[in-house]
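In: predicted model and sequence below, questions to follow.
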Amino acid sequence: MNILLLGSGGREHALAWKLAQSRLIAGEGGTLYASPGNPGVAAHAELVALDPTDHGAVVAFCSEKAIGLVVIGPEAPLVDGLADSLRAAGLAVFGPSRAAAQLEGSKAFTKAVCDRAGIPTAGYAHTTSLAEALAALDRFDAPYVLKADGLAAGKGVVIAETRAEAEAALADMFGGALGQAGAEVVIEEFMEGEEVSFFALTDGATIVAFGSAQDHKRVGDGDSGPNTGGMGAYSPARVLTPELRGEAMSRIVAPTVRTLADEGTPYSGVLYAGLMLTAEGPKLVEYNCRFGDPECQVLMMRLESDLGEYLLACAESSLAALPPPKFAEQRALTVVMAANGYPGTPEKGGTIDGIADAEAGGAKIFHAGTALHGGRLVAGGGRVLNVTALGRSVAEAQQAAYRAVDALDFPSGFCRRDIGWREIERESAGG
């Protein structure tokens, strides 16, 4: 089978690495294409130049190359309806429709689904103007959780400690700081607890759990500084116990899939639930309609099942025919190497050496924002590399990952040095 993977980040490198091992590719003499990919993806796939906003061009390429499965990595093409155009052309697609992808494309849409399905989540107000938002603040206590309604590349959430901070952030959002994403804003009550990421695969009817992880959003050690797209992650998140995972599936994920199916917009693909583990049980923070980044990297390191088979089963509505996916008992941890200046304006062009040395001890380096310049690997974005390792414990995986980090020669890069700290504290306490 020939497979087309769309996307260019660390998530897509991890997916390409795992898809290249699938019997659909390796066992059948198929070809994995990736667009646009990156220098790391190029080791596993044939890179092609396609504009994902030009649906006709993507369909034409799939026809020309006899593509049997299209895997859409990032959220923007899904929210733009690319999956609908491909399905209309008779192609098998891993990823939800435009209507179902509103779970990520609109915070207000998701809150409304939660209302209709009785899904536990934070109380909220959906506001469409600055005046309305400022008035709605009266209904909440500090700290204030402010979320741009639309896609904002992981930078659309502000937790304001004071009323003045909240008012300033709302003025920025409605003033155009986030473009169209901030034209509407959801204000939420602040939830106390620990946040975890839970993943499930679904073909619109069958749902299977697909692992857990814990991300680290703040840029600095000790969870300090501004939010980012994610500075590192580990898997599994043991704080999401089997009992809590079952509760999240039965009270949050399953009612979401069932509600969308009942309303004529079935969800197919991966459903990524950000959960807050509160004293009242798991509550939904938000949904993403694609694999997380960098959570995907740690999931793929632990996945022992054939990824291609599961993605194809979601696309062909045959997920019930497969056994539950199998993951290694080992822990996986990834450290994001970012370019200086991130999450502000990153310093691009810095040279990167030492990847072979870093991987010599068993770590895997996934390329996130890299480019080739004059034959040299350089930083091409904010988050540049995902240094990923396995271990019998999170502490062991962390040690292996940071050994690999220290073997890299990336002078204009930086990383957090405490990824996995919560779980390592629990491990050291015997938890």
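Out: Yep, that arrived. Numbers count the residues shown, from 1 in each chain.
In: from the contact counts, what lies against the worst-scoring helix or strand of the chain on mean pLDDT?
Out: Of all regular secondary-structure elements in the chain, judged by mean pLDDT, DSSP states H and E, the least confident is strand 224-227 with a mean of 89. The helices and strands touching strand 224-227, judged by 3 or more C-beta pairs under 8 Å, 6 or more residues apart in numbering; DSSP states H and E, are strand 218-220. Any C-beta I mention is one placed from the backbone N, CA and C, and that applies to glycine too.
In: given the least confident helix or strand of the chain, what are its sheet partners and their directions?
Out: If you go by DSSP bridges, strand 224-227 pairs up with strand 218-220 (antiparallel).
In: please identify the buried residues of the strand it pairs with?
Out: Neighbour counts over strand 218-220 (16 or more other C-beta atoms under 10 Å) mark 218-219 as buried.
In: give me the contact list for that strand.
Out: 224-228, 231, 338, 342-343, 416 (C-beta atoms under 8 Å, 6 or more residues apart in numbering).
In: distance from that strand to the middle of the chain?
Out: When C-alpha coordinates are averaged (C-alpha atoms, centre = their mean, to the nearest Å), strand 218-220 and its chain have centres 17 Å apart.
In: go on, stretch 246-254?
Out: On C-alpha atoms, centre = their mean, the centre of stretch 246-254 falls 19 Å from the chain's centre.
In: need the residues that contact it.
Out: Contacts of stretch 246-254 (C-beta under 8 Å, 6+ apart): 119-120, 198, 200, 207, 209, 240, 271, 273, 275, 281-284.
In: toward the C-terminus from the least confident helix or strand of the chain, list the very next helix or strand.
Out: strand 232-235 (DSSP states H and E).
In: can you name every helix or strand that that following strand contacts?
Out: strand 207-215, helix 295-302, strand 331-339, helix 394-407.
In: just put the ones you listed in a markdown table and tack on mean neighbour count and distance to residue 35.
Out: Below are those laid out as a markdown table (neighbours: other C-beta atoms under 10 Å; distance: least, C-beta to C-beta, whole Å):
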| stretch | mean neighbour count | distance to residue 35 |
| --- | --- | --- |
| strand 207-215 | 23 | 24 |
| helix 295-302 | 28 | 18 |
| strand 331-339 | 29 | 23 |
| helix 394-407 | 21 | 28 |
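In: rebuild those as a markdown table, extending it with distance to residue 349 and mean pLDDT.
Out: Listed next are the helices and strands packed on strand 232-235 as a markdown table, based on distance: least, C-beta to C-beta, whole Å; pLDDT from 0 to 100:
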| stretch | distance to residue 349 | mean pLDDT |
| --- | --- | --- |
| strand 207-215 | 28 | 97 |
| helix 295-302 | 24 | 98 |
| strand 331-339 | 9 | 98 |
| helix 394-407 | 20 | 98 |
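In: quick one: closest of the ones you listed to residue 380.
Out: strand 331-339 (8.7 Å; C-beta to C-beta).
In: could you check the angle strand 207-215 makes with that closest one?
Out: 50 degrees (axes from the mean of the first three to the mean of the last three C-alpha atoms, to 10 degrees).
In: so how far is strand 331-339 from its chain's centroid?
Out: That offset, for strand 331-339, works out to 14 Å (C-alpha atoms, centre = their mean).
In: next SSE downstream of it?
Out: Downstream of strand 331-339 (by DSSP H and E), the next one is helix 355-359.
In: contact partners of that following helix?
Out: 365, 377, 387, 404-405, 407-408.
In: so the nearest residue to residue 107 once chain neighbours are set aside, which state does it fall into?
Out: Distance criterion C-beta to C-beta, 6 or more residues apart in numbering; nearest residue to residue 107, sequence neighbours excluded, is residue 186 at 4.4 Å. Recorded secondary structure, residue 186: strand (DSSP: H, G, I helix; E, B strand; the rest coil).
In: correct me, but residue 186 touches residue 111?
Out: Yes: look at residue 186 against residue 111 with C-beta atoms under 8 Å: they come within range, at 6.3 Å.
In: what touches both of those two?
Out: 124, 126.
In: render the CA-only coordinates of stretch 323-343 in CSV, please.
Out: C-alpha atoms of stretch 323-343 as CSV (Å, rounded to 0.1, in the frame of the first residue of the first chain):
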residue,chain,number,x,y,z
PRO,A,323,-7.2,-6.5,19.2
PRO,A,324,-6.5,-3.6,21.7
PRO,A,325,-3.2,-1.9,20.7
LYS,A,326,-0.1,-3.1,22.6
PHE,A,327,2.4,-0.8,24.3
ALA,A,328,5.7,-1.6,25.9
GLU,A,329,5.9,-1.7,29.7
GLN,A,330,8.9,0.7,29.4
ARG,A,331,8.5,4.4,30.1
ALA,A,332,9.3,6.9,27.3
LEU,A,333,10.4,10.5,27.8
THR,A,334,11.0,13.2,25.3
VAL,A,335,12.8,16.5,25.7
VAL,A,336,12.2,19.4,23.3
MET,A,337,15.2,21.2,22.1
ALA,A,338,14.0,24.7,21.1
ALA,A,339,15.7,27.6,19.4
ASN,A,340,16.8,30.5,21.6
GLY,A,341,13.9,33.1,21.8
TYR,A,342,11.1,30.5,21.7
PRO,A,343,8.2,30.9,22.4
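In: residues in contact with the residue nearest to residue 157 when sequence neighbours are not counted?
Out: Nearest non-adjacent residue to residue 157, counting by C-beta to C-beta, 6+ apart: residue 147, 5.2 Å away. Taking C-beta under 8 Å, 6+ apart, we find residue 147 in contact with 107, 156-158, 185-188, 286.
In: now do the SS call for residue 147.
Out: strand.
In: residue 256 too?
Out: Secondary structure, three-state DSSP: residue 256 is helix.
In: quick check: it touching residue 263?
Out: No: using C-beta under 8 Å, residue 256 is not in contact with residue 263; the gap is 11.0 Å.
In: who's more crowded, the two?
Out: Legend: neighbour count by other C-beta atoms under 10 Å for residue 256 and residue 263, higher for residue 256 (26 against 13).
In: contacts only, for that one.
Out: 103, 113, 117, 119, 267, 271, 287 are the contacts of residue 256 under C-beta under 8 Å, 6+ apart.
In: can you confirm the last one is in a strand?
Out: Yes: Residue 287 forms part of a strand when assessed by three-state DSSP.
In: that one pairs with what?
Out: residue 273.
In: any idea how far residue 192 is from it?
Out: Noted for residue 287: a distance of 21 Å to residue 192, by C-beta to C-beta, to the nearest Å.
In: ok, now the third one?
Out: Between residue 117 and residue 192 the computed distance is 23 Å (C-beta to C-beta).
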